[in-house]
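could you work out the structure for the sequence below:
(one chain, ligands or ions: 2)
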Amino acid sequence: MKIKTTADYLTSLQKLNPTIYYRGERIKDVTRHPATAPHVRSAAMTFSLANNEKYRDLATATSHLTGNTISRFTHVHQSVEDLIKKIKLLRVLGQKTGTCFQRCVGFDGINAVYTVAYEVDQKLGTDYLERFKKWLIDVQDENRMVVGAMTDPKGDRSKSPAQQSDPDQYVRVVKRTDDGVYIRGAKLHMTGAVNSHEILVMPTTALDEQSADYAIVCAIPIDAKGITMIFGRQANDSRRDNLENIDSGKPRFGAVGGEAVIVFDDVFVPHEKIFLNGEAEYTGAIVYRFAAHHRANYGACKTGLMDVLTGAVSYLAQAQGTAKASHIKEKVTEMIHLSETLYSSSIATSAEGWPTPSGGYMVNTMLANVCKQNVTRFHFEIARLALDIAGGFIATLPSEHDLKSEEVGHLVKKYFSGVEGIPVEDRIKIGRLIEAMTGGTALVESMHGAGSPQAQRVMIFREGDLTNKIKLAKSLAGIRQKQKSIK
Ligand code: SF4
Ligand code: FE
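Ligands and ions are numbered 1, 2, ... in the order given. A predicted model of the protein is given here:
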């Protein structure tokens, strides 16, 4: 692992020259710009945790390709134990950052592409897995951060990629040469894109043969010619501009992952970095496996955030003198209950993991979809309970400028004080943290990250095995199994 520490990671990013825009201006250094630096620090935790004796076993793994110690975020799961360690790691990282640390997207992409490339090669005699392994060994040895790029803009959703009036609404190959391909299009909502080293491009949906030019999987350096990124705005992001640290709620880390649009304007990809090229029938498997891995994560990374939120409201209740009230204890109990329910779901997806023909392990896809579906509900319920406990004070808090003002600072201190002995500044800080973790952009990721709720419901119904369930019911009711069910 060449990139070992936070300092190594920051230096490695400074050596790159990606084209990134934010609020109409080019960002020169993502490690220092106030909009991106918090996300860089959050992703840096995935590097620094590997140096912490307490977490080394979770944060590192042994490469099955080289035998070297590598970051778990570059590993291909080789066992159920690997899958469970990943879940435990994500919860710890969620607790330490209170936000998305971004690196799982590439991690899940690596695992999806590896297992499918093996199966494509077996069936078609291609050499995609060998190419992928070469690239992956390099990623592992260097310890690069990879952004998994899946979500296309999709234009008119009622039409397939090949039917779009603007064919660039899905990333596609626009030119083939003896040396490789040129790709065009865009990927939206790319978590961690601006502070990654590499992009792993994958299709966004299962494709048919008419859309073969869209069936492209490849790796591209983040600063390759033709790539432009536009970094998204987040709720209250301008609070970070002037170092209003208290007002930003979480001064060191961002509210969500730090998402960007990645635009590919005829970007060249050499053959050795192409891992699927036109074999449309395998795109569904890549999307399905990636989505399942990522959905399994949400009961872990988001549980880490819920742990922080539960701690924040519990402290605020102490600061306000309400901690001993029975209804507050009841609400905190419910927050813990919902968090642990989600975590059990993530652990279960992994405990029921299974080996693919490549040797790489997959999670239980039904449980992964159930897990993510529950995140879209429980995280919101937990946020509702947190705001209930916190009180309206979150919505009317004066700014840090007022707190420090010579004219009105003493008034803020007097009228926003709570229990004696707890500084008013601490009460305000914890209030701002709760605000940052329950509002605006923060919860959107729990709803739509790893796929919108309906995407999980489609999979839950498809994998529900109703035929077998009907059989069970018929058997117990004494109905002959041969009798046809009405469709
Ligand atoms: Fe990882 Fe969670 Fe962020 Fe997805 S939302 S990248 S699983 S931390
Ligand atoms: Fe996400």
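
residue boundaries of the strands in the stretch 101-250 of the chain?
146-149, 172-176, 180-191, 198-201, 216-221, 227-231 (DSSP state E, counting those that start in this stretch).

okay if I get the ones you listed as a markdown table plus distance to ligand 1 and mean pLDDT?
From N, CA and C alone the C-beta is placed, and that goes for glycine too. Output for the strands of the stretch 101-250 of the chain, formatted as a markdown table (distance: least, C-beta to the nearest ligand atom, whole Å; pLDDT from 0 to 100):
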| stretch | distance to ligand 1 | mean pLDDT |
| --- | --- | --- |
| strand 146-149 | 9 | 98 |
| strand 172-176 | 26 | 98 |
| strand 180-191 | 5 | 97 |
| strand 198-201 | 13 | 98 |
| strand 216-221 | 18 | 98 |
| strand 227-231 | 16 | 98 |
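
out of the ones you listed, which is closest to Gly451?
Of all these, strand 180-191 sits nearest to Gly451, with 11.2 Å by C-beta to C-beta.

quick one: strands adjacent to the closest one?
According to DSSP bridges, strand 180-191 has the following sheet partners: strand 172-176 (antiparallel), strand 259-270 (antiparallel).

can I get these in a markdown table with mean neighbour count?
Listed next are the strands paired with strand 180-191 as a markdown table, based on neighbours: other C-beta atoms under 10 Å:
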| stretch | mean neighbour count |
| --- | --- |
| strand 172-176 | 17 |
| strand 259-270 | 20 |
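
quick one: which of those strands is nearest Ser417?
Of all the strands paired with strand 180-191, strand 259-270 comes closest under C-beta to C-beta, at 38.2 Å.

contact partners of that closest one?
20, 147, 149, 171, 174-175, 179-191, 193-194, 199, 201, 218-220, 224-232 (C-beta atoms under 8 Å, 6 or more residues apart in numbering).

and the lowest-mean-pLDDT helix or strand in the chain, what's buried?
Of the helices and strands making up the chain, the lowest-confidence element is helix 441-448, at a mean of 89, by mean pLDDT, DSSP states H and E. For helix 441-448, the buried set under the neighbour-count rule, 16 or more other C-beta atoms under 10 Å, comprises Thr441, Ala442, Leu443, Glu445, Ser446.

okay, now Ala280: neighbour count?
Number of residues near Ala280 (other C-beta atoms under 10 Å) recorded here: 19.

pretty sure it contacts Ser211?
Yes: between Ala280 and Ser211 there is a contact under C-beta atoms under 8 Å: 5.9 Å.

in the stretch 351-487 of the chain, what residue is nearest ligand 1?
Ligand 1 sits closest to Gly449 of the stretch 351-487 of the chain, with a gap of 4.9 Å, by C-beta to the nearest ligand atom.

which residues sit in contact with that residue?
Cys100, Thr191, Gly257, His294, Tyr298.

pull the number of nearby residues for Ala325.
Neighbour tally, Ala325, other C-beta under 10 Å: 12.

that one and ligand 1: what is the separation?
Counting by C-beta to the nearest ligand atom, to the nearest Å, the gap from Ala325 to ligand 1 is 33 Å.

contacting residues for that residue?
Ala325 neighbours (C-beta under 8 Å, 6+ apart): Ala317.

separation between it and Thr396?
22 Å (C-beta to C-beta, to the nearest Å).

likewise for Arg457?
38 Å.

ok, Glu445 next?
For Glu445, the distance to Thr396 - C-beta to C-beta - is 26 Å.

likewise Val40?
32 Å.

cool, Arg295 as well?
37 Å.

what is the neighbour count of Tyr21?
Other residues close to Tyr21 by other C-beta under 10 Å number 15.

secondary structure class for it?
strand (DSSP: H, G, I helix; E, B strand; the rest coil).

that one touches Ile27, doesn't it?
Yes: using C-beta under 8 Å, Tyr21 makes contact with Ile27 at a distance of 7.1 Å.

what's the overlap in contacts for these two?
Any residue near both Tyr21 and Ile27 by C-beta under 8 Å, 6+ apart counts here, and that gives Phe231.

which elements pack onto the longest helix seen in the chain?
Ranked by residue count under DSSP state H, the longest helix found in the chain is helix 283-320. Helix 283-320 sits against helix 80-97, helix 104-124, helix 326-351, strand 361-362, helix 365-390, helix 424-438, helix 453-462, with contacts defined as 3 or more C-beta pairs under 8 Å, 6 or more residues apart in numbering; DSSP states H and E.

and for the first one, what's in contact with it?
Put plainly, it is helix 80-97. 42, 45-46, 49, 55, 57-59, 61, 72, 75, 77, 101, 104, 107, 253, 296-297, 299-305, 307-308, 343, 346-347, 349-351, 353, 361, 363.
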